[in-house]
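Enquirer: No sequence on hand, only this structure:
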C-alpha cells in the first residue's frame, strides 16, 4: 500500500478503494474525496489503509455487510481515530473492523437461530402457559405488606450514613470502567458501529450522584415498579400478571399509583430511598445515577461499599450499551425483568470476573460474583445455556434478537 500511495497519490488510491468497496452501488453515490481532502495526511492514511483492510477481509464480513456505509463511516470517524496504522498493528485492525460495521455483520454470520427443542424451551421462559386474569387486589394483599417492610428496612441503612464519597473517585472509576469494557470484554461489546462506545459516549460525564436524581411522581412510580418486579415476582405470577398481555402493564402502574396515593408512609419511604438508589434512562443518552453516600453499619461493612458501587457502575454501563431493538424485545416477555435486568446482570458478572486482573479495577471486584435478580436472573442464565453466550451478546449489543428466538 505504501508503494501504491507513493506512485499514484492519496486521491487516486482513495477513489479506487472506495469504488471497489462500494461495489455495484458505487455510481449511485458521490465520492467522499472532498471530505477526505480536508483531513491531514495522518487521517487520510488511516482511511486509505482502513479501506484496504476491509477489502482484504470482505469475504468474511457476512452477507449483511454494506460497503457504502462502511466507507462513509471511516471517513466520518477519522477525526476520532485512536490508533496509527503504521505502529498499532492489531489495535488498528480492531478499530477499523469495529468502526466500519464489519464486526456488526461478521460476528452474527457465524451464529445460528435457535431451533427445536431449544426454541420450545425458550417459549416456556418468555411466555409461560396463560395465567388467570390479573387480580390487583390479590397482588396488594400478597405483596404490599412485605414490600413495605423491606423498604422500611432499607431506609434504616441510611439513617446514620456517612459523608458522600469522593466525587472524583466516582468519575475516575467510571472512566476506567468504560475503557475496560470497550477494550477488554470481547468483540461483541463494542461491535455496534453506531453504539455508545463508538459515538463519543463518556461515562464519567454522564454519571451523577443519586442524591441529584429527580424526585417526582414519575420517578417514584418507576422506583416502586422496579421494586415490585425485583421482590415480588412470585406474587405477580400468583396474581395472574403477564406483561405481554394487552393493558396489563398499565393496569399494574395504575395499581402502584393507587398504593402511593393511598399510603402516605409508602410514598414517603419511596421518596427517602430515591436519593440512595441507582437509576438510568434507556437509550444512548441521559444521566446515570449512582449512590454516592455510604450507608450505616446496618447495611454491611464499610470496606464492601466501593466494590458494591463498582458492581452497580458496571451494571449501569451495560444498560447503556443495550441496542434499541433489544430494549424493544423486553416487552415481548411475560417477565420483562428477564431481559431488562437478568441478562444485564449476567453480562455484568462476566465483565466483573474479567476485570479481576485489571491493575486499577481488580481490587474492586466483589467476592460474590453470582447473578442477581432472583428468578429473572436464573431465567437469563437458562437462556444463555440454551442459545449460547454469543447469541445473547449478538441480541444485546447488536439488536439481533432472533438469536434469542424472539421475533419483533
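Expert: Cool, got the structure. Values in this document were obtained by computation on a predicted structure and should not be read as measured data.
Enquirer: shaky segments in this protein?
Expert: For the chain, the stretches flagged by pLDDT under 70 are 130-131, 282-283.
Enquirer: would you list every one of the strands in it?
Expert: 207-209, 288-290 (DSSP state E).
Enquirer: Export those strands to a markdown table and append columns for mean neighbour count and distance to residue 249.
Expert: Heads up, the C-betas are built off the backbone N, CA and C, glycines and all. Output for the strands of the chain, formatted as a markdown table (neighbours: other Cβ atoms under 10 Å; distance: least, Cβ to Cβ, whole Å):
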| stretch | mean neighbour count | distance to residue 249 |
| --- | --- | --- |
| strand 207-209 | 19 | 28 |
| strand 288-290 | 23 | 23 |
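Enquirer: Let me have those in CSV, adding distance to residue 370 as columns.
Expert: Shown next, in CSV, are these (distance: least, Cβ to Cβ, whole Å):
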stretch, distance to residue 370
strand 207-209, 25
strand 288-290, 21
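Enquirer: Residue 121: which of those strands is closest?
Expert: Of all the strands of the chain, strand 288-290 sits nearest to residue 121, with 34.4 Å by Cβ to Cβ.
Enquirer: Look up how far residue 302 lies from residue 162.
Expert: Residue 162 is 8 Å from residue 302, where distance means Cβ to Cβ, to the nearest Å.
Enquirer: Need the residues touching each of the two.
Expert: Taking Cβ atoms under 8 Å, 6 or more residues apart in numbering as the criterion, residue 162 and residue 302 both touch residue 294.
Enquirer: picking up where we left off before, I'd like to know which of the strands of the chain lies nearest to residue 252.
Expert: Across the strands of the chain, closest to residue 252 is strand 288-290 (Cβ to Cβ), at 23.4 Å.
Enquirer: same for the closest one, what does it pack against?
Expert: Secondary-structure packing of strand 288-290 (3 or more Cβ pairs under 8 Å, 6 or more residues apart in numbering; DSSP states H and E): strand 207-209, helix 305-320.
Enquirer: and the ones you listed as TSV, adding distance to residue 200?
Expert: TSV is the format used below for the helices and strands packed on strand 288-290 (distance: least, Cβ to Cβ, whole Å):
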stretch	distance to residue 200
strand 207-209	16
helix 305-320	13
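Enquirer: Ok, which of those comes nearest residue 37?
Expert: Residue 37 lies closest to helix 305-320 among the helices and strands packed on strand 288-290, at 35.8 Å (Cβ to Cβ).
Enquirer: per-domain residue ranges of this structure.
Expert: 2-109, 118-404 (automatic domain parsing).
Enquirer: Endpoints of the last one, how far apart?
Expert: Yep, that's domain 118-404 we're talking about. One end of domain 118-404 to the other measures 10 Å (Cα to Cα, to the nearest Å).
Enquirer: Over to the first one?
Expert: Chord length of domain 2-109, first to last residue, is 32 Å (Cα to Cα).
Enquirer: That one: how far from the chain's middle?
Expert: Relative to its chain's centre, domain 2-109 lies at 27 Å (Cα atoms, centre = their mean, to the nearest Å).
Enquirer: picking that back up, so which of the strands of the chain gets nearest residue 327?
Expert: The nearest among the strands of the chain, by Cβ to Cβ, is strand 288-290 at 15.4 Å.
Enquirer: Contacts made by the longest helix along the chain with the rest, please.
Expert: Counting residues, the longest helix found in the chain (DSSP state H) is helix 136-157. Helix 136-157 has contacts (Cβ under 8 Å, 6+ apart) with 227-228, 231-232, 235-236, 238-241, 251-252, 254-255, 259, 263, 265-266, 269-270, 272-273, 276, 295-296, 298-299.
Enquirer: Apply 7 Å and report the result again.
Expert: Around helix 136-157, the neighbours that count as contacts under Cβ atoms under 7 Å, 6 or more residues apart in numbering are 227-228, 231-232, 235-236, 238-239, 241, 251, 255, 259, 266, 269, 272-273, 295-296, 298-299.
Enquirer: List buried residues within these.
Expert: 227-228, 231-232, 235-236, 238-239, 241, 255, 259, 266, 269, 272-273, 295, 299 (16 or more other Cβ atoms under 10 Å).
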